[in-house]
Every structure is written in C-alpha cells, then in structure tokens.
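Undergrad: Here is a sequence with its predicted model. Questions after.
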4 protein chains.
Amino acid sequence: MNVTHPFLDLNGDKLREECGVFGAINASDASAVTALGLHALQHRGQEAAGITSYDGDRFYSVRGTGHVADNFSTEEALAELSGHMAAGHVRYSTTGGSGLRNVQPLYADLASGGFAVAHNGNISNARTLRDEMVSRGAIFQSTSDTEVIIHLVATSRYPTMVDRLVDALRMVEGAYSLIVMTPEGMIACRDPYGIRPLVMGKIGDATVFASESVAFDVIGAEMIREVEPGELIHVGFDGSIETLHPFGNIKPRPCIFEHVYFSRPDSVFAGQSVYSSRKSIGVELAIESPADVDLVVPVPDSGVPAAIGYAQQAGVPFELGIIRSHYVGRTFIQPTDGARTSSVSLKHNANRALIEGKRIVLIDDSLVRGTTSIKIVQMMRDAGATEVHFRVASPPFAHSCFYGVDTPEREKLLAARMELAPMREYIGADSLAFISIDGLYRAVGSDKRENNAPQYCDACFTGEYPTPLTDFTASKEKAAQLSFSDHKADI
Amino acid sequence: MNVTHPFLDLNGDKLREECGVFGAINASDASAVTALGLHALQHRGQEAAGITSYDGDRFYSVRGTGHVADNFSTEEALAELSGHMAAGHVRYSTTGGSGLRNVQPLYADLASGGFAVAHNGNISNARTLRDEMVSRGAIFQSTSDTEVIIHLVATSRYPTMVDRLVDALRMVEGAYSLIVMTPEGMIACRDPYGIRPLVMGKIGDATVFASESVAFDVIGAEMIREVEPGELIHVGFDGSIETLHPFGNIKPRPCIFEHVYFSRPDSVFAGQSVYSSRKSIGVELAIESPADVDLVVPVPDSGVPAAIGYAQQAGVPFELGIIRSHYVGRTFIQPTDGARTSSVSLKHNANRALIEGKRIVLIDDSLVRGTTSIKIVQMMRDAGATEVHFRVASPPFAHSCFYGVDTPEREKLLAARMELAPMREYIGADSLAFISIDGLYRAVGSDKRENNAPQYCDACFTGEYPTPLTDFTASKEKAAQLSFSDHKADI
Amino acid sequence: MNVTHPFLDLNGDKLREECGVFGAINASDASAVTALGLHALQHRGQEAAGITSYDGDRFYSVRGTGHVADNFSTEEALAELSGHMAAGHVRYSTTGGSGLRNVQPLYADLASGGFAVAHNGNISNARTLRDEMVSRGAIFQSTSDTEVIIHLVATSRYPTMVDRLVDALRMVEGAYSLIVMTPEGMIACRDPYGIRPLVMGKIGDATVFASESVAFDVIGAEMIREVEPGELIHVGFDGSIETLHPFGNIKPRPCIFEHVYFSRPDSVFAGQSVYSSRKSIGVELAIESPADVDLVVPVPDSGVPAAIGYAQQAGVPFELGIIRSHYVGRTFIQPTDGARTSSVSLKHNANRALIEGKRIVLIDDSLVRGTTSIKIVQMMRDAGATEVHFRVASPPFAHSCFYGVDTPEREKLLAARMELAPMREYIGADSLAFISIDGLYRAVGSDKRENNAPQYCDACFTGEYPTPLTDFTASKEKAAQLSFSDHKADI
Amino acid sequence: MNVTHPFLDLNGDKLREECGVFGAINASDASAVTALGLHALQHRGQEAAGITSYDGDRFYSVRGTGHVADNFSTEEALAELSGHMAAGHVRYSTTGGSGLRNVQPLYADLASGGFAVAHNGNISNARTLRDEMVSRGAIFQSTSDTEVIIHLVATSRYPTMVDRLVDALRMVEGAYSLIVMTPEGMIACRDPYGIRPLVMGKIGDATVFASESVAFDVIGAEMIREVEPGELIHVGFDGSIETLHPFGNIKPRPCIFEHVYFSRPDSVFAGQSVYSSRKSIGVELAIESPADVDLVVPVPDSGVPAAIGYAQQAGVPFELGIIRSHYVGRTFIQPTDGARTSSVSLKHNANRALIEGKRIVLIDDSLVRGTTSIKIVQMMRDAGATEVHFRVASPPFAHSCFYGVDTPEREKLLAARMELAPMREYIGADSLAFISIDGLYRAVGSDKRENNAPQYCDACFTGEYPTPLTDFTASKEKAAQLSFSDHKADI
C-alpha cells in the first residue's frame, strides 16, 4: 500500500502552550522575583517575554522577543522595572517579527488609572466582542484576544476595579488565568472551568501567583494553594487578601493535557504531581497495551516519565535508545550533496550500539501530526532495531483546542484523518496503541469520566468543549483563535 | 557686574522641529519613494522614523529609532512595506527609550477599515480632548497628541472617511499638516492657519506630498503647489483628486521660523526660496545693524546664507572663521585632566590663522538660550579676535511655541529673561543686535506686519498666538505639549 | 566538626573539555557539512566556534562567540565559506571578550602557502617553545598553544607539508588531535598516546574527520575507523588517502574521562559505546558500593546512564528525582529579599512529590570541587528525603589535567584536599562512594590496569601522566596551560 | 561627438586618505584624550578605528568598524583601555568585512616586550620585504603593510627599542608617520621626505602627537611643532624627550594634496594655514582662468574656501548654488518607476531659485574620475543655469599615489585618459580649467617648483615620485599598494 505524506514539510510536531504568567505583590524586588518566576515557566512560551511593574506612581513595561534570560537577567534590564508589584508573561509569538505589541502584559491608561493584564488562555468569543466594540469606535492596538478584556473594563460602569473586571469577565467565554495590576493592587483570577492553571504562593511578605508551582520552587516561595476555578483574588498593598466567586457554581474542568505534556513534571496540577501522573499513564498503558520487547525507549524528554512507568510495570529494561541534543532550536541550511539531516536528527540521535538487534517499544507523550514519529521510527530501524512498537501516553488527539493551545487545524491532526490501522502504517511502526480515555482518567487520579460529567477538559480527545465557541461557530472557515490582524507592524 | 550662567549645563541650544512627513500614492514602489523623500526631510527629525504602506489589502508598518538611512535603505527593510501607497514620518523622540509606540505613522483598525496618519504640528487641546475620551472608556496606546485625531475619527458618525476626518478636525485646535491613509486613498490636509508646511507634487502617475519641496528634488518629482492652509486633498487609487476647504475663510499664518531656521535653504516655503529669504535677512540686518569689522563669519551651517547677505550688503569679506565637523552627534566622556573639550568644540573649531588679530561679526540664525553663543564668542576671543560682534538673523525669541516645535520653557529663553544689554553682556560680545520684526517681514517678501494682521505666525517673537491654547490655559503649571505619559514602556 | 567551604562562590563544578574538531574534504558543500558536524560536537565547547574553508584558490575564515547555530546556520554565514574543503572548531574561551583571535581554526600564510589548523588537546611544552621562538624574532598573534605548531611548521626545512608537520610535531609534547588544511589537502593526526579522540568517516566522495562519531550520525556519514594514536592521514583533492605512523611504536593511552563524561553517550570511543561504558560503571558501582534505598536518582543529565545501570543491578527503581531545566546558561540578578535562588536551583529542581519520605541514592558522573554536590544533597533533604546517599561514577579526581581539559588548580580539587570521610561530611551525604580505578577499567572493557601499563590516560585519578610536563615543571607557580597573554585585545 | 562614460557606475569620486593617527603619553586619561583626538581626525578615515593603551604592565586594544564616536565615546568602551599612554588610528577599510585584524594600532609581543604601532602612509616595498620574511618562516597575521615594520623590529639585533626601530625603518621605502608604543615610552617618527603629516603638542604634563593640528584644538592642547621629516622622537614615562635624525640630510617633500583636500581647513600643514592655502588657490585660479559669470558656486564642502578666494579675486558674488545634505553615507535602493535619484542627488541638491537663468562657475577641489562632476554639471543645467563653467583647485590628477592614498588605478584617472578639451566635453561644462602646477606652488607659499627640486611631493600631478616604487616595479600588473590577502577572514 502506498502511503502518501502530504504534510511532511511541517517542521514542528508538538503542541505549543500559548503562555505562562507570574505575578508578585508586596515584594521589595518585585521585578527580579518575577523574572526568576517567569524563567521557571519558560517551557510554556519561548518566543517572547514581558514584565510590567508598578511603583505606587507609574507603571513600567519592558518586552522582548526571545527567552526570559535574554531580556531580564541583568541589572540594567530590571532597573527600568521598579516597584513592589510586578507581573510577567511568556508566550509563543504567532507571527514572525510583527509581534512586539502583542507581547504581554498589555497595558492601558483607563479613566480609573493604569491597568495591566497578563493572560494565559484564549477568549473564544473575542472576535465577536471586538467587532462590536470597533463598530462603536473603540480602537484596538494589538491583535490579542486579551485586549478585549481591557476594553470591557474601560467601558464598564461599575465603580471599583474588581467590579469592573467581574463585569467584563461575565461577557467573555473561554479559558483565562489572569494576573491584573491596578493602582489598588493585584487581581488573580481563573475562568469558571479553571481550564488553565494558576497557583498562589507566599514568600516573606510577598504574595505570588504563577501558572505552575515549579515557579515557587525556583524562587524559594511556599505554595499556598491553587487559585480555584471561577475564583478572583484581590491582594492590596496593605497585604489584605479578598476572594470572590462571582460566577456561581460551575463544575470545574481543568485541562487534562497539562498532565500529559504542558506542565513541568515537578509541578503539581489539580492536586496531583505531574511526574506521578505521567508515570501512572505509562503504567496504565503497559497494562492496556503490552509489547513483547527487549527495551523500553522514551522519546526524550517528554516521554521519559511515562516510559519509566511502562518499563516498571512491564518488567522490561528502560534504556536511553534515543539521545537528545541540548543544542537545538535552529534550522541549519542543508548541504546539497550526500549529507542528509533534518530537524529531527539535529535533535534526536539513535543510540545505535544499544538498539542494534533489539525489539523496542517507543513511548511518546502524544501523536499530533505524526511527522516526527515517522522519522523517529525510521531512525530506530536504521539503527538496527528488529521490531519497533509505538505507545502513546495520551488518547488520539482529534479535535482542535480553542483554549490557548496552538493546535493545527483539525484536518492536519493525524487522529482526525485516520483510524488506528492506517496511523500505524503511516508512522511505520510494528504496532501502535494509545492510552484509552478511561485509562488516562485513572492515571490522573480521577474516579473516571462517567455520567457525562468529566472532571477535566478533554475536548481535544473527545470534542466535548465546556464552553460555547462563538467565534468559531460564527465563522467556520476561520479558526476562532486566529489573530485579528489586518495590519502587520514590526512593533 | 556678575553674570551668572544658571543653565550652562544644557547641551543643546537649537530649536528642534518635531517632524517631517511624506506620502506617495499610485506609485509602484511607494515605500522606496517614501524612504527617499523622508531622507530628504531628515533635518526635520533625526531620532526616529516610520513608514506605513498599503497594498490594497493590508497595511504594513516599520518603525525604528535613528535615521531614515539606518532603517529604510535596504531591500530587506522595504520588502515588508509592499503596496502602491505609503506614508512616512521623521521625528525627535521626546523620551529616551520609551518612544517606539509614539513613532508615526500611527495606525488603527477602525470599523471603517484601516487608518494611518502622519502628523507634523501639535494639537493644542489634545490633553483636554483625551481626558474626555478616556473618561468615556477610550483606550490610548501612545502618548502622542496625534492619537486624539484617530479616536475622533473612530467615533465620528459621518459615513465617509473624508467627512469623518473633517468632523474630527473641527474639534482640534493647533497646528497640523497631516497625511492620512485609508483603504480609499490618501488624504493630505493642513490646519486653517497653515502653520506647518505641506506641498504637493507629481512623479509619473504618482501623487506625492511632503513637508518641504526639497523632498521632490531628491526623488525627481515635480512640485505642483503648496497644500493650502485649511485645504484637504483626497487622492484616490484611480488617480482622482478632490479638494475641500471645510474650515471656511481664515487668514493663513504659516510659521515664519521655517524661513529662519527649519526648512532647508533649497526649499521653497510660502512662495519664496528659503535661501533667498535668509540672504535677505542678512541684507536687512546689515542695513539695520552695521558693524565696523574686518570679516563676516557665519556660525555654520545655518548662519551661512544670512552671513553671505550681510557680507554682500556690508562690503566686508565673508570668511569661514568657524569650521564645523561633519562627525558630531555623540557626547564623549571627558578626560579628567588638562584636556578640556565640550560639545561645542567637538562641533565647531576656530579657524585660528584667519581670526587672529581681526575684528569680526558673527552671524547666527537665532539665539534661544544663549548657551552655545557664549562658547562661540569665547572661542573667537581665544583664537585672537580683537573684537567680536554678534548679529542674529531673527528677532528675540521670547515665547514658547505650542505648534510642534520643541522649545524650552519660557523661563529658559534668554530673550524672556533679559533685555538686550544684559544679553550682550551674558554672551560676552562687543555688540549684539537682532533683526527687527519689520525687517524680518521685509526679508521674507511680505508687505509687513501692519494693521494687526500678520501674514505669518510669529508668536515666538510677539506672543500673538493664532489659536487658543486650551491645554496650556487649563493647566498653567504643565506645558501643554508635554506628553501624557503615565506609563513608561520600551515600545 | 567544623567544615569550612572556602570556595563555595565558584559557580561551575563540571570539568570543561577544551574543544571539538571537524573536517571535510572533497565535499561539494564542505562548510555546510562542517557546520552540522560541529553542531553535533557542541557539547565539547560552547563559547566560540570557527570554520575555515578552501576553494582551491583562497582560504576563508569566519569565527564567532556563541554556539555553532548562532554563527553558522544561515546561508549568509556559509556563503563566505566556499570550497570543497573545510574544517571547524568549537571551544571554551578562556578569557572573556579577548578571545576572538584565539578562536580556531588558526590560519597563517606560509611560504609554502596557506595553512589552517584546528586542535583539540594541549601542548604541554608550548610556553617553552614559544619563548624560544619569540627570542629569535617570531611574532605570535594569539595566546593559543596551537600557534606554536604553526610557527614550527613555518620554520621547518622539509620540503613537503606532511614532512614539515611531522618535523613540527616531533618537537611538541602533550595531547593533540589535529585537522590541518593546506593547498595540498587535509591532514588529520593524533598524538602518539591518542589522548584526545579523532575518528574518520565517509559520505559520498567526501572524507570527514571528527572528534566523535556522533557527528557522523548527524550528517548521515559512515564511520570508517578511529584515527590511530600516532597516525597521520593525508587526504588529497583527488581522493587519495595516505597514512603514516611517524612516531614509532608507543602504547596508546586515550583519555578515560571521555567515557566518564566528555563524549556524548551515543558516541563510540576506543571501540566501545560510551552509553554502554557508563551503564557498566553504574553496574560496577552498585556491586562495589550498594545502598539500602527506595529510589535511584540520577543527577541529570550526565548521571543518567550510570544511574540506569546502578538501578538495574541493584533492583531498585530508577526515578527522576531531580528535574533539569532546558533553559539554563545565564545568571539572574538576585532579589534582595526573601526569594533565594542559585544557579543550581535554576538548573535543577527537586521532584518533591516523589522524593518526600524516601531514602535515595544520587548518582553523579564525577565530583570535582563538590560545590554543586553540596547544594544537590541539601535540595534533596529540603524536599523531604529521609536518607541521601551519593555514588560517583568515577574515581576521586585528585590531579589536574594538562591535556586540554579545563581543570581547577589542584588545590581546589576536593579529592586533592580531603580523604573520603571528610568529603562525605563536606557534601552532607549519609554515605559517599566512588567507583574504584579497577572497577572503572572493568566497566570500559579493558582487562585492567595491571603491570603498570595502563591502557588509558587516567592521570587525573592516578597522577601518572603519559608525557613530560615541561612547562609545568619549568614554572611550578604557573599552571602550564594558562595563557601567555600579556596583551588584552577585543579581537 | 559621442562621449562614452565607461565607468559611470563607480560610486565614489573623491580620493580617500588611508589614515589618521593620534598618541598621548603621560596623560592620566590617555585613552579618553586619544578618543577625542581621533574624533577630530575622523575625516582622514571613517570606516574603522582602534585604540591601544598601556598601563605600565599590560597593553590593551579595542578596535571596531565605524566611527570613533561609535566605538570610543562611552565610559564602558574606555574602561578597557587603562593607562597613561595610548595611541589610536582611524582608517578606511579596504576590504568589506574582512578587515578587523587590519585595524590599527597593530600589536605584537616581542622578546623585548609589547610593541604597538599606528601608521599613516604606505610602505612601497612592503610586499617584497614580506615575501622575503615569509620565505624564512615568519608568519603574518594581517595583510597590512605596517606589519612588515613589526617583523623587522622583531628580528633586529640592536639592543634598544629605538635602535631596533631605526634599523627596521632603514629597510623600508615609502611614506610613514608612525606612533609606536613600547614599555619604554612612545616613539613618533616620520619618513625622510615627511610625505604624511605629524605634529607634536602638549597638554599639562602630557605629550601628544597627531596627524593634524586640529586634533590639538579639540582637546585644548598646545601645538609645539611639526615632527620633522626624517625625525624620530622618543618620549619616556619620566617626561624625557629625545630626538634623532637617523636618516641623514634629505630634502623633505610633504604631500601637496594635504593642502588641496585631505587636511581640515582649520589645520596648519607645512607651516601654512590650510584654509589660507585653499583660498589662495582660488585667487590664483581666478587670475589664471577667469570666467564671465553671474555667480561663483562651490561644490560643497571641500570646494568652499577656493570658491571664496575665486569670488573675492573675481569680484563676483559667492553663492550656495548647491546645498549639501548632512545625512549622507548610505545608498538607498532605487524605486523602479519614475523616481530617479543617485548618490549625488542624495548628497547635493541644486538651489534652483538661485541658479535659474544665471551663468555660473563651479569650483571643486579636484577632478579624479569625473563621475561626480558630470552629474553636478547636469544638475546645474537642469536647475536652469544658462552657462556652467568648471574650475578645479588642483592640477590634472594623472598619476596614482603609492603613499597611502586610495587612488584609482591609473587608467581610471580622467586626466590620464584625456586631454583638456575632451575632459571638458566629457563633464559637459562650457569651459574647464585646472590651476597650473606653478600656480598651486605659489598658492601654498612656496617659491616654486624650480630646478627640479620640488618642495612638495606632487607625484600625482607630475609623476615624479620621491622614492623608489619597488613593489610596483617588481610587479607591474599588480598595484603595489594592494593587499597581500590570500586569506579572507572576518576578524
């Protein structure tokens, strides 16, 4: 059978989280703390970073492309960011050079004073709201969905900042974990479903918020608790902490993919260690889909915990059959003659001496478009593996995410295009299995996805989205989370 | 008598025009034409430059600090600026690193489509308008007065872009020469007094607009005429040209300082060659205030044409007694020992062999704070001049400009602080004279400033401002043209 | 007992290899192949990189600080490096900004034509030779020991390049794996002991040389064999390959630390898979020094293979108790208040949920100064480990290396300062053990270090150096491999 | 008659001096003084700059492309250049990116200690000497002729640095003004003919040397005298000053073109004010070649002093008929349609209102290839001039310079290709005249070029070179001053 590879030119085969956020208030060096916290969240967004601070009088912003360390590691960089309150953001830029004005935190001078916001998530009715506001004369400067929130706050008629923000958030749909700064203090809040993560910590007199608990470990802060789904926490400059649940009683559905891939393994999400979740996924996978092999080989690095779990459960040696380079990130120009290489081989190399003559099972966290998997399987065969089995630590990824994850359009998702057998043939493995949706729920410690009341957002596997998808429904031909860009600027 | 020098630390003693603008429509390489045109206007603003283009579908913007040549001379830079319509802007940045979002053209997505504007001038009621709009929920991204115009256009209820722009401009006071781009074409307009210049030209099928005619010389375009004070010209993509005079019949008062200093000598302004105006000023000055000297020495380069006129009238040799370095622009750190230098001596050096033992008259274009003049006079004495007379090719500069020229606060203007005699003593000259206001009017070919109906804006000399100064009046303690900045960002 | 920590401010606790080399001849895109090959050797030197090419007429060089990908991934970068022969080098710069002229390949115009050389190793009599040559009027431009070889070649009286190079190498002591380019072709050679690695491969018509076999995997080349210790291979532009053994019959002693730490695990060194060597070291270590623990935890990433071996032998679960960040490399400024962090915590974070309440054994590749180990042990205790045992996959490192490895002065080596018990106390572990020298030899597949005839250079453990250390002996107070720098330049 | 323009694509039509040098000893901030001094010499070399300093222990060097102000105006830049002795150099880089290793001062560690040299001029037997030295095993790192001097010093057998330098200079031919630094102090010297300038000054305890006296004006130093042709001055750290004339009694012949074009008008060269020389040339030219015109128009800026002299002598008004932009330096990409521009029109613009309907005479300093002159004449006609006469303030430039001036090959010199009449036709002027060689000598105050014993080097006009041209003679097909480059490197 002739399998065509219509999109092998795509050079990335991993999902990309859109952002990480961090905030600190009542810290004497708020921007230095924020820089370190953001650095620990770098895996959530590697293409741009920004920090905004407030010194009791003015707000200051510095934003740049590249890593946190490239922009915020020096005294000079932080000297411009004075004050006891700061918030920061890391993100993937969606369009090449044109992104700096989209780098968060976004800031606006409102009649009520300065307003800065850092947002992880995606507003699924942003375009609809924006079109309405523009038709009334509002002017948007960025193409970010987050700016919709600022305009809603700016035109709210409520007196206090907290009330104005609640008023604004009642109009938006989708996923948001927000850190907001105003002259009255810091507000952290999470959408009613708690789709994206947000945690609260303490270090000395300072209160800190972050997308993941690992940021607290790095700065030596103590984790207090998760910000609850639908909760809004206001911290004042006097240290006062108020909490509201303005959206009523909604059953939370945090993103299950945080366990599978997004969060760092040393973070705790939805009450469970991510490392432990991943190992358990490996254990469940070994039970559901065993393989008669000599070695369990992880696709590094994200497949490692599941592979350890799989190997322990299966009683087969865990071995580094693929060595990952630490020095990736750039594409090299290709020699025109004999030498062939690829972004995959720059990143991964077969441990030939180990693989040769062995039957192996590869463990990867997910299979999105399959482009990398084809190459990895072939690399194992080239290195002499006699059998190559493939196990995936998540169910088939068949539906786009509209909540802040940069997913391909649905027609590019391998699992949306094929059944299991053609997928196996497509990637060239001797066998292929995904963990079941129930197995995944077991692994993350949930008592299962029964009675049509899932404890997690698992829409990427099931298509059951917790919120309406207003923009997407209004305009099927445009993916709802695409940018609004009619104007392309270099800032 | 003991003369104190309270502000000798100020390192600039020239007025700085705020901007130059250029636009081209129906040009196959609109952004390349615009880059060259802006380059010819570089003297009107040297700290930042921007170009926005429109290709029939999208607008594109590139902005940067530094000169036009630094940002827009290469193919790569212009490759991002496709389309048959483009407009550009050069400016002085008012605040260090925080200015990129203030670099023009400004752009906004309005309900009616994209809207870009490049502005030379200053809106003297911008803060008042802005405060009103913010209180109704409008969000400003820049601290530029120009953004007020965009918001007024965005909220106008008129149907066409031209009507909306007229509606907006009826609400603003002050000086503006604007180049606006919309999906319907390019609009060039000038405030009712025509304070700042704007000219219209033609090259092939393209229509071009520029702050000064010299921009047309450089690109090989033909000058058609000045945009008239109070005129609004709309050029369509079909080549159609419509013109309006929506503000009624107001006697124009273009800025007389364009003749004295701002415009390039090879430009034509208000119907007269600037070089010829300056020479005539020198002639009038020689008639009004002769000096018994051996040499006429210009303070280069802006004093040269007046010095040529002065020398011809006086029958005294014109000589380069001061040599100007072509390589200025940066301040060097100072050696701690013997070596003393200054920004003046880096820029100007006495032609000692020529000066020694001579009586000279120095001709400079203006005397603002006097800081440079002190040093120049001293430099001449150090070089052995036996007498140093000083003639100024403009009347005493005693009033701040609120129309787009970056002037010191009034209390720093030498002519606002002292009469003629102390000024002479302050700068250390043997004699000092300014051209009279009537002499200046004669030199620029006007039949004089009689009947209280001046043909020029000469407010900097007379204090008679053509428009209300709403912001300044509302808030005496803040100079009206200061920025609105409550937020300091690096973009 | 009171243990002082006199050098805890040192921020690096790993040995650093000085270089990696790569060369390609008879390749149509020699510089592109070289860039990819160097990239695969990036772990051998991360601070600067250079490539020199030859197009049959001229030599071309590009050198830069930073990674290979920063300097050589684009078409523009390689466009300057035309020709069918190229060689490259990655290195640690020894002195801040002053290094660009020390970045290799070094090049000189000799009477016999152009001569370029890339060198991995260290000439242990370089200073002595240099002093002699300078006293005769030779001028050195770099402070690199490698330049000594060029001067020796330049003044050799032999007729052919190969003879001149052999003549030069007879005068030098120490470690060298060289790739030399001349108008006659490429010469690869290795010092008589073969201390540093060098392998030979083939891809199409091209012959390639590299420090490690992994470079061949990345470019899709086939490994032919190691360049033998004391062998000199000349490859002509006609594809001819000549080989010489000009230094007679000397028992080789390649560096055993390549197995322990330097080489990538997917490389083959001295005939054995490095990954397999490291796993075997873990197995031997588990036999020699068992620990009664719940988990085996590697210090990532270099400790992982030994930890896998240890865990398999001990029958104890292998777990990722320490999570390594992918985004390290820069030092952040420290917040002044509560938040404490360190370069260790930016790089490593405890997997707290896993560690808490467990007895663990940490496996690290080596213990040099101990500064990191102290912090890692403490981090485990802070995360709740009840017992922390420490096992080291190399013998005590008690002697400086003079063969191209950047080691601390001997008095800073922990094992040169203390016996085992104080070391254990110093790092704060419950137990501490190193693999024995015999265990290490067993693990790397050698029939042992008997009869005083070691098969490897193990001088860092034993102090038995294979060559004289002329410079070091001549000047005890200066470490022989320190630079000659009397002049500090920025290029 | 049909005149072809075979080289109109050449974009520069001015001669370019190769360098300027500056040195300071016994100055507490030697590098800051040197930076300012070099800045005043920027017109002598605009593409690269370097400073080397000595602090009694080590030498420090910083070199960079671009202007002095770009590299040496900040405290950070100078912080690396400590010490009481410093010397610097400005130059034109001859080959694109490959020049940094050629940027001076050059430095070498000699057996006698550090040795740094900054050189203005050109060694006309450099290639011959270099070939000899390379054949004996010497290694050259730069392609600069200056490095020959260093190698000659390195291999000299004399005991003191002064003797070694004299020994070296006895072997070189050509033009050199050198500033040398050794651990014993600073040596300034000038070749026996004194072809290139060098002056000596004093500021406090410091002794300073510079290519032109203007550098002393800028730093506030006092000029003492010229370094004499053939003189060598050694200044010690104790302030001692020794002077030698080791080359015997040779009649000096300084470069007459320093008067015509290279030196700044406010410098004094060979005992005469350069401004005064240029004005006198204009006077002589007006006597020799009058023109019946309405206006005298200089080609700015270098033609201005001669034009003033011409106008005063002729009794015709001096007017700025061509306005020069201050913002040149870069080439813009050209629009493809109507808009035409050129590097000439970016730099020069006709003052149309002045020119129209007038008969003018243009005064330029020299006519080398004629490419600019063609365009300037055409520009005047396009602006409406009824007659355009052209007068050149130097004799026909018909011979290449081998003494440090970057001249075109002889066959590209207009005066080497044509007689006067075709030249006039070629540039399109109504009349054309050059000053006579005797007129030029009169203008520079010399009693004439009689008895075959010229007081200046005027070889570019006469072909009578003061020194042998060994390299040029040895290899007619290669211009002697071309670089030795067989190797192209980016540093």
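TA: Looks like it arrived, so ask away.
Undergrad: Contacts for stretch A:282-289, please.
TA: A:305-314, A:363, A:391-393, A:431, A:433, A:435-436, A:439-440, A:442-443 (C-beta atoms under 8 Å, 6 or more residues apart in numbering or on different chains). C-beta: built from backbone N, CA, C; applies to glycine.
Undergrad: 10 Å - rerun?
TA: Under the contact criterion C-beta atoms under 10 Å, 6 or more residues apart in numbering or on different chains, stretch A:282-289 has outside partners A:291, A:296, A:298, A:303-316, A:318, A:361, A:363, A:389-394, A:431-436, A:438-444.
Undergrad: what do you get for stretch A:464-478?
TA: A:122-131, A:145, A:172-175, A:191-195, A:250-253, A:399-403, A:449, A:452, A:454, A:456-459, A:479-482.
Undergrad: if we go to 8 Å?
TA: With contacts defined as C-beta under 8 Å, 6+ apart, stretch A:464-478 is touched by A:124-128, A:173-175, A:193, A:195, A:253, A:402, A:454, A:457-459, A:479-481.
Undergrad: So which of these sit within helices?
TA: Among the contacts of stretch A:464-478, DSSP state H puts A:126-128, A:459 in helices.
Undergrad: Export the residues you listed to a markdown table and append columns for distance to D:D266 and neighbour count.
TA: Shown next, in a markdown table, are the ones in helices among the contacts of stretch A:464-478 (distance: C-beta to C-beta, whole Å; neighbours: other C-beta atoms under 10 Å in any protein chain shown):
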| residue | distance to D:D266 | neighbour count |
| --- | --- | --- |
| A:A126 | 65 | 23 |
| A:R127 | 66 | 22 |
| A:T128 | 70 | 18 |
| A:A459 | 77 | 24 |
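Undergrad: out of those, who's nearest D:F332?
TA: Using C-beta to C-beta, A:R127 is the member of the ones in helices among the contacts of stretch A:464-478 that lies nearest D:F332, at 40.0 Å.
Undergrad: if we can go back for a sec, ChimeraX command for the buried members of the contacts of stretch A:282-289?
TA: Command for ChimeraX that selects the buried part of the contacts of stretch A:282-289, burial taken from 16 or more other C-beta atoms under 10 Å in any protein chain shown:
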select /A:291,296,298,303,304,305,306,307,308,309,310,311,312,313,314,316,318,361,363,389,390,391,392,393,394,431,432,433,434,435,439,440,441,442,443,444
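Undergrad: taking the contacts of stretch A:282-289 one by one, which sit in strands?
TA: Using DSSP state E, the members of the contacts of stretch A:282-289 that fall in strands are A:296, A:298, A:361, A:363, A:389-392, A:431-434.
Undergrad: need those in JSON lines with pLDDT, can you?
TA: Shown next, in JSON lines, are those (pLDDT from 0 to 100):
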{"residue": "A:V296", "pLDDT": "98"}
{"residue": "A:P298", "pLDDT": "98"}
{"residue": "A:V361", "pLDDT": "98"}
{"residue": "A:I363", "pLDDT": "98"}
{"residue": "A:H389", "pLDDT": "98"}
{"residue": "A:F390", "pLDDT": "98"}
{"residue": "A:R391", "pLDDT": "98"}
{"residue": "A:V392", "pLDDT": "98"}
{"residue": "A:S431", "pLDDT": "98"}
{"residue": "A:L432", "pLDDT": "98"}
{"residue": "A:A433", "pLDDT": "98"}
{"residue": "A:F434", "pLDDT": "98"}
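Undergrad: Tabulate the residues you listed (CSV), appending distance to D:D382.
TA: Shown next, in CSV, are those (distance: C-beta to C-beta, whole Å):
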residue, distance to D:D382
A:V296, 82
A:P298, 75
A:V361, 81
A:I363, 77
A:H389, 80
A:F390, 75
A:R391, 79
A:V392, 74
A:S431, 81
A:L432, 76
A:A433, 80
A:F434, 77
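Undergrad: Make CSV out of those residues and add distance to chain B.
TA: Converted to CSV, those look like this (distance: C-beta to the nearest C-beta, whole Å):
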residue, distance to chain B
A:V296, 49
A:P298, 41
A:V361, 48
A:I363, 43
A:H389, 48
A:F390, 43
A:R391, 46
A:V392, 40
A:S431, 49
A:L432, 43
A:A433, 46
A:F434, 42
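Undergrad: Which one of those is nearest to B:Y107?
TA: Using C-beta to C-beta, the ones in strands among the contacts of stretch A:282-289 come closest to B:Y107 at A:V392, 45.5 Å.
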